[in-house]
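>>> Need coordinates for the below:
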Amino acid sequence: MPNNADSNIATADALTLLLHNQHALGAAIEEITHWISGVGAGEIADNAVGALETLDTNAKAISGAITRLRQC
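Sure, this is the predicted structure:
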């Protein structure tokens, strides 16, 4: 069984990859939001902005968890 430090590193590494995916999804949603706004679908664009805000909030929490795991 791996020790706690090894488990923390593996978990932090996995969370880091998930965080990178989250940033990539956010960038894609942002690009689509700009396009949607440009074609006049403001309500849909507003919904996409809400999704971006959720991604940002969760990214902050994931970053905090990664930091805590790497400090152990």
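
>>> okay, which residue is most central for this structure?
Among the residues of the chain, residue 22 comes closest to the average C-alpha position under C-alpha atoms, centre = their mean, at 3.1 Å.

>>> What strand or helix carries that residue?
With elements delineated by DSSP states H and E, residue 22 resides in helix 4-38, which encompasses its position.

>>> Quick check: next helix or strand after that helix?
Proceeding C-terminally, helix 4-38 gives way to helix 42-71 as the next helix or strand, assigned by DSSP H and E.

>>> That following helix vs helix 4-38, what angle?
160 degrees (axes from the mean of the first three to the mean of the last three C-alpha atoms, to 10 degrees).

>>> What are the buried residues along helix 42-71?
Taking 16 or more other C-beta atoms under 10 Å as the basis for neighbour counts, the residues of helix 42-71 that come out buried are 45, 48, 52, 55, 66, 69. C-betas here are computed from N, CA, C, even on glycine.

>>> so how far is that helix off the chain centroid?
For helix 42-71, the distance between its averaged C-alpha position and the chain's averaged C-alpha position is 5 Å (C-alpha atoms, centre = their mean, to the nearest Å).
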